[in-house]
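*Asks:* need coordinates for the below:
(4 chains)
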Number of protein chains: 2
Amino acid sequence: MNDQDIIEQLRQDVAGQCACQKIRKASRTITRRYDDALKPFGLTGNQFTMLTIISLADKVTLSRLAEIIGMERTTLIRNLKPLERAGLVTIATEESRRAKHATISSQGLNTLAETLPVWRKTQASLKADLGDKTWQVVHQGLDAIS
Amino acid sequence: MNDQDIIEQLRQDVAGQCACQKIRKASRTITRRYDDALKPFGLTGNQFTMLTIISLADKVTLSRLAEIIGMERTTLIRNLKPLERAGLVTIATEESRRAKHATISSQGLNTLAETLPVWRKTQASLKADLGDKTWQVVHQGLDAIS
DNA sequence: TCAATATTAGTGCATATACACATATTATGA
DNA sequence: TCATAATATGTGTATATGCACTAATATTGA
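*Replies:* You can find the predicted model right below:
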């Protein structure tokens, strides 16, 4: 197959069709919005997510937490470090000597209380930009993937 | 506002609703599939995307390339490094001494030719898992975001 | 009991992401 | 012409991501 054939196929089949390309692009776009909004509070969007889930599922093991978030276990372990350093969560062993639990601190809850209005505003702004119908459709699709 | 109120609001409004959380989770899931499939060829899904776009838009400046891919400029510059090291693309200045252009090499085109069937298979497998309707809906939604 | 197995967490390595800031080059207008 | 503005790339720092591999602890079954 010659070069022009390859390029033609890439143009026809890949460009504008690749799910990996599309979802990564959209993820970057949306992440930037949330990161920017949360920046004054020293949180990223991802950290806000981890903090929220930890606050709702207190004292789950790190492995279980990774499952819930849909994040590779070792990725989660590293991503918790900044939250731990900032005193927003505590990582400790209890009962078992191997399993560890993540627990939100009172400071962590305070941060969530502070950032909740900002999250609401960001979420609403995005929803407004996309329109109700697209918003619905996007959420359904993303739920199906995960 | 007390802790229980906060947690209740997080449960009601944030959990399962946050667009940032959902799209990042879905992005991780899909990326893992493409990364895994392309691994034998030494490419990530993201690299496959960059390679494809460079092959179709030859000799665009790095800034323009970043725009097309929807990636922060400095991120793109760093992400190109592995491709350059592997000899799949060339980064060089032409005409202007400040602007740089990315050009795909013949080796890069060969790699694309090799990986194209794998990409097709991965894309088809994902589409099959999601079903035609969800697939359509996801793509529409992601296009709207970007 | 205790050896084999399963479970849980952690490290090394490489890529991915973007903001703040810096540097280099080109274009513009007084 | 030449100072200023605009444009283009690059670096420092920090977070995000996951695979391969390792280490420690708990469980199970002969």
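
*Asks:* how about the residues of chain A that lie near DNA strand D?
*Replies:* A:44, A:46-47, A:71-72, A:74-75, A:78-79, A:82, A:85, A:96-98 (Cβ under 7 Å from any atom of the strand). For every residue, glycine as well, the C-beta is placed using N, CA and C.

*Asks:* from the residues you listed, which ones fall inside strands?
*Replies:* Judged by DSSP state E, strands contain none of those.

*Asks:* most neighbours among those residues, which one is it?
*Replies:* A:Q47 (22 neighbours; other Cβ atoms under 10 Å in any protein chain shown).

*Asks:* please name the nearest non-neighbouring residue to that residue.
*Replies:* A:L83 (6.0 Å; Cβ to Cβ, 6 or more residues apart in numbering or on different chains).

*Asks:* A:A86 now?
*Replies:* Leaving aside its chain neighbours, A:A86 sits nearest to A:G42 (6.9 Å; criterion: Cβ to Cβ, 6+ apart).

*Asks:* next one: A:F48
*Replies:* Nearest non-adjacent residue to A:F48, counting by Cβ to Cβ, 6+ apart: A:L38, 5.8 Å away.

*Asks:* just A:Q17 next, same as before
*Replies:* A:Q17's closest residue in space is B:Q123 (Cβ to Cβ, 6+ apart), at 7.3 Å.

*Asks:* surely the residue nearest to A:F48 touches A:T49?
*Replies:* No. Taking contacts as Cβ atoms under 8 Å, A:L38 lies outside contact range of A:T49: 10.5 Å.

*Asks:* okay, these two: which has more neighbours?
*Replies:* Neighbour comparison, A:L38 and A:T49: the larger count goes to A:T49, with 24 against 21 (by other Cβ under 10 Å).

*Asks:* could you give the mean pLDDT of stretch A:31-39?
*Replies:* In this model, stretch A:31-39 carries a mean pLDDT of 98.

*Asks:* quick one: the strand or helix carrying A:L112 near DNA strand C?
*Replies:* Using DSSP states H and E, A:L112 sits in helix A:106-130. No. Residues of helix A:106-130 contacting DNA strand C under Cβ under 7 Å from any atom of the strand: none, with a closest distance of 13.5 Å.

*Asks:* ok, A:A57 - contacts?
*Replies:* Residues near A:A57 by Cβ atoms under 8 Å, 6 or more residues apart in numbering or on different chains: A:R64, A:L65, A:I68.

*Asks:* over to A:R33?
*Replies:* Per Cβ under 8 Å, 6+ apart, neighbours of A:R33: A:T122, A:S125, A:L126, B:C20.

*Asks:* distance of it from DNA strand D?
*Replies:* 14 Å (Cβ to the nearest atom of the strand, to the nearest Å).

*Asks:* low-confidence ranges in chain A?
*Replies:* By pLDDT under 70, chain A contains no weakly predicted segment.

*Asks:* what about 80?
*Replies:* A:1 (pLDDT under 80).

*Asks:* where's the residue nearest to the spatial centre of chain A relative to A:K100, distance?
*Replies:* With distances taken as Cα atoms, centre = their mean, A:N46 lies nearest the centre of chain A, 4.2 Å away. Relative to A:K100, A:N46 is positioned 20 Å away (Cβ to Cβ, to the nearest Å).

*Asks:* now swap in A:Q21 and tell me
*Replies:* 36 Å.

*Asks:* which of the two has more neighbours?
*Replies:* A:Q21 (25 against 17).
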